[in-house]
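In: got a predicted structure plus its sequence, pasted below:
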Amino acid sequence: MALTDMNPPAGMENFVVGLIGMGDMGKMYAERLSAAGWRILACDREDRFDSLREQYAGKNNIEICRNGHYVSRASDYIIYSVEAAIIDRVIAQFGPSTKMGAIVGGQTSCKSPEIRAFEEYLPPDVHIVSCHSLHGPGVDTHNQPLVLIQHRAPDEALRKVETVLSCLRSKFVYLTAQEHDRITADTQAVTHAAFLSMGKAWHANSQFPWELNRYVGGIENVKINTMLRIYGQKWHVYAGLAILNPEAKKQVAQYAESVTALYKLMLKGDLDGLRNRVYHARDKVFGSASDWDGRPLIEPSILSSFSLGKPTDAPPRPNNHLSLLGMVDCWAALDIVPYDHMLCSTPLFRLRLGVTEHLFRNTSLLDETLRTAVEDKMYRSDDLEFTFAARGWAECVSLGHFETWEKRFVSTQEFFQPRFAEAKVVGDQMMRKVLESYKEDEK
Ligand SMILES: NC(=O)C1=CN([C@@H]2O[C@H](COP(=O)(O)OP(=O)(O)OC[C@H]3O[C@@H](n4cnc5c(N)ncnc54)[C@H](OP(=O)(O)O)[C@@H]3O)[C@@H](O)[C@H]2O)C=CC1
Ligand SMILES: O=C(O)C(=O)Cc1ccc(O)cc1
């Protein structure tokens, strides 16, 4: 498309978009919106003014401002793209400087604190239309869900936001702030808890799982890559999601309970008890095995084609997949059916649900998993650490301790740091395949 095709439409030629917070998401928006012809005013913390200005010196329609006051007073639509934990302070600081009649929104992953702060600090003549791109900053925005929340605004303001953001070519999903928080908790809280706990457990045992034969191949590839992708991000993104969303708190707590109960059944060697519990959860979340039709979220060939470890011709060693059994048990306990929210699913969520679905779709694989759980002692110490890790995250989230959360996350991030670059290459390929098959489904 020629750049001129993407210029602002008639009536919005002088419309200015303001971005407060020029981290990963803010920069991604600045670059995409400015490429579509929108004039951008942007800022980060004041001490980054000079370096940001230098970085964007050659970009004609991105102007870096000293702080959020300069952005707010001259922009027609302002997006706050800062850490969720400090959103109220940042809005309190710059909100009163908002241009009269402007539209304001935020990018944070949990909307209740953001909306509360907008209501408290924005002048009454300012419209509130919030947003949330349901993917990380490195993902192509095309076709990904983009939530729009018309909280306090006439339709005309929403139309303007749609016009500006249409250049992302994402799929708009219209929700209230409350619906957004419930749905994102349902799709993200439990799966994040599982993969964060996996990383912590491997770290506690000083294991790089791809160096161990028992973690090479099949489902293990997705588990390891997803775990590394999560630990490769900034800590505050996942802390904010879990700690600030009241629905998420409940789910992280239930996940720890589910994992503990399943682990105890494994220790007892109670195969019947374990099978009954897991089958019951499977039927609640996925329906009975005979309900399976349609394509899986992840083709089995994708599962085995990417590996960080040495490829082997041998079939993957059976694992008890406590982390995945725990997710389904938790969803069942809370009456959550994750498929109800596919419209709001992130690419990583589709991977995480896809790998779980792969295990539960295949009754013989599931039965082998349950037998392994009671008979094979090889994973006992990994699972002990995993159970501790899940309970540790749950305690930290229930107490709302951002500082402890950060320390827990960063120590494990440092442990895996040397492998992030390689994992990103493999993870990007895996993600591309999953996204391609998702697009094919929609044709
Ligand atoms: N990363 C992701 O995958 C996604 C993130 N989100 C959400 O988007 C928001 C931004 O995330 P992301 O870009 O990844 O995070 P980043 O940490 O990369 O960016 C946030 C930026 O805002 C800056 N900032 C903090 N306070 C101020 C202030 N007073 N004025 C101006 N700038 C300030 C931060 O500075 P400093 O670092 O010094 O605090 C940082 O540079 C978060 O709420 C996150 O939850 C939403 C979708 C996906
Ligand atoms: O897909 C995931 O769950 C991610 O990890 C990426 C992510 C993180 C935060 C968001 O608000 C949206 C997407």
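Out: Structure's in. What do you need? Keep in mind that what you see is a predicted model, and the values were worked out from it rather than measured. Numbers count the residues shown, from 1 in each chain. Ligands and ions are numbered 1, 2, ... in the order given.

In: going forward, measure contacts between C-alpha atoms and count neighbours the same way
Out: Will do.

In: wait, Gln144 sits on Leu168?
Out: No. If you go by CA atoms under 8 Å, Gln144 and Leu168 don't touch, sitting 9.1 Å apart.

In: and the two? Which one has more around it.
Out: A count of neighbours by other CA atoms under 10 Å puts Gln144 above the other of Gln144 and Leu168, at 23 against 18.

In: SS state for the closest residue to ligand 2 within the stretch 301-443 of the chain?
Out: When scored by CA to the nearest ligand atom, the stretch 301-443 of the chain has Leu348 as its residue closest to ligand 2, at 3.9 Å. When classified by DSSP: H, G, I helix; E, B strand; the rest coil, Leu348 comes out as helix.

In: how near is it to ligand 1?
Out: In this view, Leu348 and ligand 1 are 10 Å apart by CA to the nearest ligand atom, to the nearest Å.

In: how about the contacts made by the closest residue to Pro145 other than its chain neighbours?
Out: Among residues not flanking Pro145 along the chain, Lys171 sits closest, at 4.8 Å (CA to CA, 6 or more residues apart in numbering). Neighbouring residues of Lys171 by CA atoms under 8 Å, 6 or more residues apart in numbering: His142, Asn143, Gln144, Pro145, Leu146.

In: looking at those residues, which are in strands?
Out: Using DSSP state E, the subset of the contacts of Lys171 located in strands is Pro145, Leu146.

In: now, which of the contacts of Lys171 sits nearest Asn221?
Out: Of all the contacts of Lys171, the one sitting nearest Asn221 is Gln144; the distance, using CA to CA, is 23.8 Å.

In: pull the contacting residues for that closest one.
Out: By CA under 8 Å, 6+ apart, the contact list for Gln144 reads Ser133, Leu134, His135, Ser170, Lys171, Thr346, Pro347.

In: buried subset of the contacts of Lys171?
Out: Neighbour counting with 16 or more other CA atoms under 10 Å marks Gln144, Pro145, Leu146 as buried within the contacts of Lys171.

In: which residues of the chain lie near ligand 1?
Out: Taking CA under 6 Å from any ligand atom as the measure of proximity, the chain contacts ligand 1 at 20-26, 43-45, 68, 81-84, 90, 107-109, 132-137, 237.

In: checking the closest residue to ligand 1 within the stretch 151-300 of the chain next. Helix, strand or coil?
Out: Across the stretch 151-300 of the chain, no residue is closer to ligand 1 than Val237, which sits at 4.3 Å (CA to the nearest ligand atom). The local conformation at Val237, judged by three-state DSSP, is helix.

In: now do His132
Out: Going by three-state DSSP: His132 is strand.

In: hang on, isn't it packed against Leu148?
Out: Yes. Counting by CA under 8 Å, His132 touches Leu148, with 6.8 Å between them.

In: returning to what we had before: the residue of the stretch 301-443 of the chain closest to ligand 2 and His401, how far apart?
Out: 25 Å (CA to CA, to the nearest Å).

In: repeat for Thr372
Out: 36 Å.

In: the two: who's more crowded?
Out: Thr372 (20 against 13).

In: ok, and the closest non-adjacent residue to that one?
Out: Going by CA to CA, 6+ apart, Thr372 has Asn320 as its nearest residue, at 5.5 Å.

In: now the one you found: how far from Leu271?
Out: Relative to Leu271, Asn320 is positioned 12 Å away (CA to CA).
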